[in-house]
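Engineer: Got a predicted model here, sequence first, then my questions.
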Amino acid sequence: MPKDLLLFGPELMLLGGALLVFIASIAKEPKSEATWGMALLASFAAVGLSLLTLHERGAPFFPGIYRVDLFSQLLKLGLSALLCGVILISRNLPSVRPSARVDAPLFLLLSTVGMMMLVSATELLTMYVSLELSAYGLYIAVALSSKPRGSEAAAKYVLFGATSSAITLYGLSLVYGTVGSTSMVKLSGALVAGADPLLMIGMLLMFAGLLFKLALVPFHYWAPDAYEGAPHQMVAFIASVSKLGAVGIVARFAAMLPGGDSATLFIALSVASMALGNLAALAQTDLKRLIAYSAVAHAGYLMLGYAAMSKTGLAAVIFYGMIYGASSVLAFVVLSALGRDGENPTMESISGLYQRSPLAALMMLVAIFTLAGIPPTAGFIGKWYLFAAALQRGQFWLVLVAAAASTVALYYYLQVVKAMYLAPPEDRPRVELTFTDSLAGLAALGFVIFYGVYPAPLWELAQKAAALLG
Amino acid sequence: MTLSHFLLVALALFALGLYSVLTRRHLIGLLIGVELMLNAASINFLAFDRFVVKDPATGQIIVLFIIGLAAAEAAIALSIILSAYRAHRSADVDDLDELKN
Amino acid sequence: MSSGTLALLCTHAPLVGCFGALVVLRRAPRAAAALNILAMLASLGAALAIFAGSNHQPPTIISLWLSSEGVPISFGFLLDGTNQLMGIIVALIALCIQVYSLGYMKGDPGYARYFGLHGLFAWAMLSFVYSANLLQAFVFWELVGLASFLLIGFWFEKPSAAAAAKKAFVMTRIGDVGMFIGLILLLSSTSTLDIAQLMQASTLASIPDARLTLIALLLFCGVVGKSAQFPLHTWLPDAMEGPTPVSALLHSATMVAAGVFLYARFHPLFVAAEGVSNIVLVIAIITAILAATIAMVQRDMKRVLAYSSISQLAFMLLGLGAGSLYAGVFHLTTHAFFKALLFLCAGAYIHQIGSNDMVTMGRQGAAKLRLVSAGLVIGAAALAGLPPLAGFFSKESILAALHGAHANAFVYGAYLASFLTAYYTFRMVFLVLRPSDKSVLPAEEHEPHPHGDVTGSMKLPIAILTVGAAAAGFAGDFIAKLIGAKALHPTYGEMAPAIGIALAGVIVAFFEFGRKDAAQQGFITRVGALDTLFERKYYLDEIYDKVAGGLVSLIASVSAVVERGVLDGTGDLAGNLTIATGDATARMQSGRLQLYIGSAVLLIVVFCYFVGGY
């Protein structure tokens, strides 16, 4: 039993933290500092426990339903570390309505618990419940915005999300009917055995909900609106933690698929996402919206790895998911510092950042370089692995499209660099990074540079994790 | 009554739900549509349980979970719709068009 | 010290300098400069030591860096002759130019930053040169581009400098994307990116012919971008917005030569790839003539030299494309000396007189700077290919290579380009050194703003490079031995026409610009149309702009969606077109929730049809 508790430790820590935050938030005069501190401690503890259990294996409490292995623990480590980063920059939440500032960490913690369960789930009902749990926190997080457009974004997000989750559930029911069980092992066996059309349609409908989380075309519509409308730190959460969770669960399902038609579908979605995301990003001046479209494009890059239908492809996806999460946190350290007045940072407001805060400008520069895939950042290595995995399957044209798309992306990324470094600051105020901001930023920056120069350790972990799938 | 009867009813219910999600003007109308879709899935689960699957407890448990999740989802969606109504003085889906491009 | 340690020292000493200048010594600019010069000295020493000890050391030092699908990718140094030669050139010229910058950049508020960026460049460039692995080389290749971006935009207060920096980065990236795909394709065909291994005949023979050609063409894209060849050449003249020593180091002697160096590095591959060398020759000859004709009518000294660099890089590619590794690398070496020299001379005039305009320089008494003027004349003679200076020998060997390849059309093209080179070079010399009272050239509107006197630290590098430009031509056999290629010794019969042509160019320039009371009017001005064509650089910038603009307005009227121009007018076709498409794409996000859900559902239905097979 104690062993089981340890294996379930990261989730328990965050659940415990959420409980404490909840109790603290219903106190007579709740203090946002207090809930923030609790959340920070809980997420630190979760990082520690994930590290501790990284190489453990087991099935705590519910055999056959919940699995702990290197794959799940690596992703949990990533999730909790990214959560740490987001909470570090959430000490002040200027774009959250004042009455809700106390509660904000609660939703982040609960949603992360959902993500963690999602990457460990090996049974469809558990998977669905975790998916919902992680989504509810996000819906509310978006709605916490102090601006009217925040509730508009949240309304669109929740209704789009609920619809796609209903479609997922309907797909699940078809899968259940054809396989006769909710176990993923049995599902995997049925998929190998042969293509029952009803089963394939069920799988497809189920994927709708997962791809919605990944913000892949055509399930991306929520992303630009939610990114623009939601409070800065909540967007940081969606862009990092939530993305990584989605990467994990899609990897688990992609490993079960037999290839063929599904690979073709993945390729189609990948091309559409890369093209649409990068092109639409060109027209943006609101930086959060720009990052949203860039996230859509990145979902397309990730799809390259899934479409390769190989262990290398999945390893590349896990690797890139981690890197992408870190670079999102890095970017939002700067964006939320820029948006201290509660307004969204724009091309205008980032102008001359180099003279207003060299450190912030450097962080943003590195974040942009890794998003654009320019060496020596880890983004370059990550793209390299994704492209190599696709090429290994002979998908030369797909890689060509991806390379072209990343060239287009260079335009808008450089636009931001140009504004930061070459535009005059005029009378815009200095940008102050608090101690916790700098801490989160420097950690993410170090991560991105270190694994850009020496990716071997993380890559080996990702490869081992991917080998456990399917 | 065979399996296909149940499945057809569920499919019809699902289609109706989707139709109202796509055509209703009022945000709560959309939410009701989603609830219909969830219920269609529930009927599927129970029908499969009755005719196909060996272990009937699973489907029933799933449906209980769905009911719980649907309630939670409705609570969240309703509160967000309420806040959108406060902000825009309207709960018409077409009035939510500030965020675009 | 083992050669591995030396290589590590050689490549990474400048990084220490960079870090020191940008982080530690920001408030102590003199110390930052001294640190970087010391670091460069160490690099040069190490490069020479590697060369001296190369006979009894293994040529490659490698350790595992990362592995991709079972293919180990190593990190290491390849220390063969070609790399040793290039390493020494880069370190030597970088050192000269840093010393020169001590005087040139004096008093600039960004003094420490300037030297730090130089360190960054030297680190990236040397690491690129010594890379044992193509992926490693690519990483540093991109970093070199980054250093170039930062140095061109060094005076970022000037909008033109900022725009030029971005243009350079984007233009070269276009080529780099091609190169990156080529690199991945090479990996997937051979399962290795180890340069030494790739260049073995057995490895190359294992790649199917069509694919080898494709790979070679993709790698050549990178060369075209980096070495500013037609049609991606327009960034280089704009890059002259950076400080002049930067132009001397990056945009003539070393960085732009990285493209040619890459080609030389992969010479066996390009030779083995069928049909590619013809494409290379065509691109090179177009570039050589095009750039030389534009240089004929420029008044800005740095722009003349920039176009001259483009043209000379094309010459190197002509030699390589004709199949002679020796000719290309030899010209690369001599060009590094004399072009760096010419830029440093230009910088000295600009520093003393305060104008880039050659006519103004002449009228303000540029000839009074004796040492600089002597350097200018020797550098110009070397560039024009007059015997016995450096450029003569290397250019002769390129012509001999073209002869040997029986590429007659290209030989005549090269003769034409040589004539133009001699002409525009001496036009420059005479304009600067022999101002004429009867000149028809109008004075510049702006009064020049001198920056200060030419200091001793600026004169020393000029003197060293003058010696190099005069003597490097005699190193031909030595270079041939070092890189393991056959030296070409042209016969007198082959040399005679080239000497005659170069002299003809000088003489025409003398009559028009140099003799007493010359009208200083080029023969080309009598053909108004050509004159304008050259002066407007074949309208290429405008064409890129106009085509883009036309397409954009077409799209705009069709879809009425273009309202926000996000990019500034850096002017190129792909840019504006993409932006317009981007706007249209963003419009798909209509703001209507039900349209979102509807289109998602529609796609699901289509997919269901697809997978269900109904």
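Structural biologist: Thanks, I have it.
Engineer: quick one: the nearest residue to C:Phe77 once chain neighbours are set aside from C:Phe534, how far?
Structural biologist: The spatial neighbour of C:Phe77 that comes closest, neighbours along the chain excluded (Cβ to Cβ, 6 or more residues apart in numbering or on different chains), is C:Ala7 at 4.0 Å. All C-beta atoms are positioned from the backbone trio N, CA, C, and that covers glycine. For C:Ala7, the distance to C:Phe534 (Cβ to Cβ, to the nearest Å) stands at 45 Å.
Engineer: before we move on, what about C:Gln98?
Structural biologist: From C:Gln98 to C:Phe534 the distance is 35 Å (Cβ to Cβ).
Engineer: Compare those two (neighbour count), which wins?
Structural biologist: C:Gln98 (27 against 22; other Cβ atoms under 10 Å in any protein chain shown).
Engineer: who touches the more buried one in this structure?
Structural biologist: For C:Gln98, the contact set (Cβ atoms under 8 Å, 6 or more residues apart in numbering or on different chains) comprises C:33, C:36-37, C:40, C:115, C:118, C:245.
Engineer: Just the ones of those residues in helices?
Structural biologist: C:33, C:36-37, C:40, C:115, C:118, C:245 (DSSP state H).
Engineer: Going by distance to chain B, which of the residues you listed wins?
Structural biologist: Using Cβ to the nearest Cβ, C:His118 comes nearest to chain B of the ones in helices among the contacts of C:Gln98, at 43.8 Å.
Engineer: How many residues are close by the closest one?
Structural biologist: If you count neighbours by other Cβ under 10 Å, C:His118 ends up with 30.
Engineer: Quick one, grab the pLDDT at it.
Structural biologist: At C:His118, the model reports a pLDDT of 87.
Engineer: Surely it and C:Ala94 touch.
Structural biologist: Yes - assessed by Cβ atoms under 8 Å, C:His118 is found in contact with C:Ala94 at 7.2 Å.
Engineer: intersection of neighbour lists for these two?
Structural biologist: Listed as contacting both C:His118 and C:Ala94 by Cβ under 8 Å, 6+ apart are C:14, C:249.
Engineer: tell me, which helix in the chain spans the most residues?
Structural biologist: Using chain A here. In chain A, assigned by DSSP H, the helix with the most residues is helix A:148-179.
Engineer: You answered for a different chain; I wanted chain C.
Structural biologist: helix C:159-190.
Engineer: helix or strand right after that helix?
Structural biologist: helix C:195-198 (DSSP states H and E).
Engineer: What average pLDDT does that following helix get?
Structural biologist: Mean pLDDT, helix C:195-198: 80.
Engineer: buried set for the helix or strand just after it?
Structural biologist: Next helix or strand after helix C:195-198 toward the C-terminus (DSSP H and E): helix C:201-205. For helix C:201-205, the neighbour count (16 or more other Cβ atoms under 10 Å in any protein chain shown) marks C:203-204 as buried.
Engineer: Identify the residue of the stretch 1-150 of chain A closest to chain B, quick one.
Structural biologist: A:Pro148 (3.7 Å).
Engineer: That residue touches B:Glu98, doesn't it?
Structural biologist: Yes - at 7.5 Å, A:Pro148 counts as touching B:Glu98 under the criterion of Cβ under 8 Å.
Engineer: Low-confidence ranges, chain A, go.
Structural biologist: For chain A, applying pLDDT under 70 flags the ranges A:1, A:195.
Engineer: all strands of the chain, in order?
Structural biologist: Just going to use chain A. Taking DSSP state E, chain A contains no strands at all.
Engineer: wrong chain, I was asking about chain C
Structural biologist: Going by DSSP E, chain C shows strands at C:60-68, C:71-78.
Engineer: hey, least reliable of the ones you listed by pLDDT?
Structural biologist: Mean pLDDT is lowest for strand C:60-68 out of those, coming in at a mean of 61.
Engineer: Give me the below-cutoff pLDDT ranges for the stretch 251-400 of chain C.
Structural biologist: For the stretch 251-400 of chain C, applying pLDDT under 70 flags no range at all.
Engineer: What segments of it are helices?
Structural biologist: Assigned by DSSP state H, counting those that start in this stretch, the stretch 251-400 of chain C shows helices spanning C:257-265, C:267-272, C:276-295, C:301-321, C:325-353, C:358-363, C:370-384, C:390-404.
Engineer: If you tally nearby residues, what's the number for the closest residue to A:Leu422 other than its chain neighbours?
Structural biologist: Nearest residue to A:Leu422 in three dimensions, chain neighbours excluded: C:Ala162, at 3.9 Å (Cβ to Cβ, 6+ apart). Applying other Cβ under 10 Å, we find 20 residues neighbouring C:Ala162.
Engineer: tell me the contacts of C:Ala162?
Structural biologist: By Cβ under 8 Å, 6+ apart, C:Ala162 lies in contact with A:418, A:422, C:153, C:156.
Engineer: can I assume the last one is in contact with A:Tyr421?
Structural biologist: Yes - using Cβ under 8 Å as the test, C:Phe156 is close enough to A:Tyr421 to be in contact (6.4 Å).
Engineer: Give me the more crowded residue out of those two.
Structural biologist: Taking neighbours as other Cβ under 10 Å, C:Phe156 and A:Tyr421 compare with A:Tyr421 leading, 21 against 18.
Engineer: Pull the number of nearby residues for the residue of chain B found nearest chain C.
Structural biologist: Proximity to chain C, evaluated over chain B using Cβ to the nearest Cβ, is greatest for B:Lys100 at 3.0 Å. Residues lying near B:Lys100 (other Cβ under 10 Å) number 15.
Engineer: returning to that earlier point: got JSON lines for the ones in helices among the contacts of C:Gln98, with distance to chain B too?
Structural biologist: Shown next, in JSON lines, are the ones in helices among the contacts of C:Gln98 (distance: Cβ to the nearest Cβ, whole Å):
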{"residue": "C:Ala33", "distance to chain B": "50"}
{"residue": "C:Asn36", "distance to chain B": "48"}
{"residue": "C:Ile37", "distance to chain B": "53"}
{"residue": "C:Met40", "distance to chain B": "51"}
{"residue": "C:Phe115", "distance to chain B": "45"}
{"residue": "C:His118", "distance to chain B": "44"}
{"residue": "C:Pro245", "distance to chain B": "46"}
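Engineer: Restricting to those residues, which residues neighbour chain A?
Structural biologist: Counting by Cβ under 8 Å from any Cβ of the partner chain, nothing from the ones in helices among the contacts of C:Gln98 sits close to chain A.
Engineer: List just the nearest of those residues to C:Leu342.
Structural biologist: Closest approach to C:Leu342 among these (Cβ to Cβ): C:Pro245, at 12.6 Å.
Engineer: Would you check how far apart the closest one and C:Asp108 are?
Structural biologist: 11 Å.
Engineer: Tell me which of those two has more neighbours.
Structural biologist: C:Pro245 (27 against 16).
Engineer: Now do the SS call for the residue of chain B closest to chain C.
Structural biologist: When classified by DSSP: H, G, I helix; E, B strand; the rest coil, B:Lys100 comes out as coil.
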